[in-house]
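Undergrad: structure for this input, please:
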Amino acid sequence: MKVLLRKNVEKLGSMGDVVTVADGHARNFLFPKGLAATVTPANAREVEIRKRKEALKQKLAKEGLGKLAKELSGFEFSIAAKANEEGRLFGSIAPANIAGELTRRGYSVDENSVCLEEHIKECGTYDVTLDLYPGVKTQVKLFVVREE
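TA: Take a look at the predicted model:
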């Protein structure tokens, strides 16, 4: 059966594609979840309109995150954490901690955007890469200091 995908479906295709699937897969999975529709001119127009809206939304998101990346470029901030005399942290600084601190300072950053090779476990200065959107990256400087 040929169906028109209304949303991106992993391992099958992206929105607007016409794909051939088993009748049972279409009836029992794709149609009930609203992932696909039968191929008709009206459905094709609807999916094309939805595709344009999604593209515009993606473009606006990329522009907004591009502005955020420019604002954050070279931004420096510190996080205080409990540490011993040698500077070894009792816990660690994870991407969630960094995203939370940036959000607290007025920059809306998702923790999935914070790129760390491994959690930070010592006091010091770190360059942290933020991958805000595909192709939109920036670097911030993080100072991990000992909490008094």
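
Undergrad: am I right that Ala55 falls within a helix?
TA: Yes: Ala55: assigned to a helix according to DSSP: H, G, I helix; E, B strand; the rest coil.

Undergrad: need the pLDDT of it.
TA: In this model, Ala55 is scored at 87, pLDDT.

Undergrad: could you do the one 5 residues further on as well?
TA: pLDDT, Leu60: 87.

Undergrad: what comes up buried for the helix or strand of the chain with the lowest mean pLDDT?
TA: Counting by mean pLDDT, DSSP states H and E, the chain has its least confident helix or strand at helix 41-72, which shows a mean of 87. Burial within helix 41-72, assessed by neighbour count using 16 or more other CB atoms under 10 Å, is assigned to 47, 65, 68-69, 72. Bear in mind the C-beta positions are built from the backbone N, C-alpha and C, glycine included.

Undergrad: need the max-distance pair from these.
TA: Spatially, the most separated pair among the buried residues of helix 41-72 is Val47 and Leu72, at 36.2 Å (CB to CB).

Undergrad: many thanks, we can stop here.
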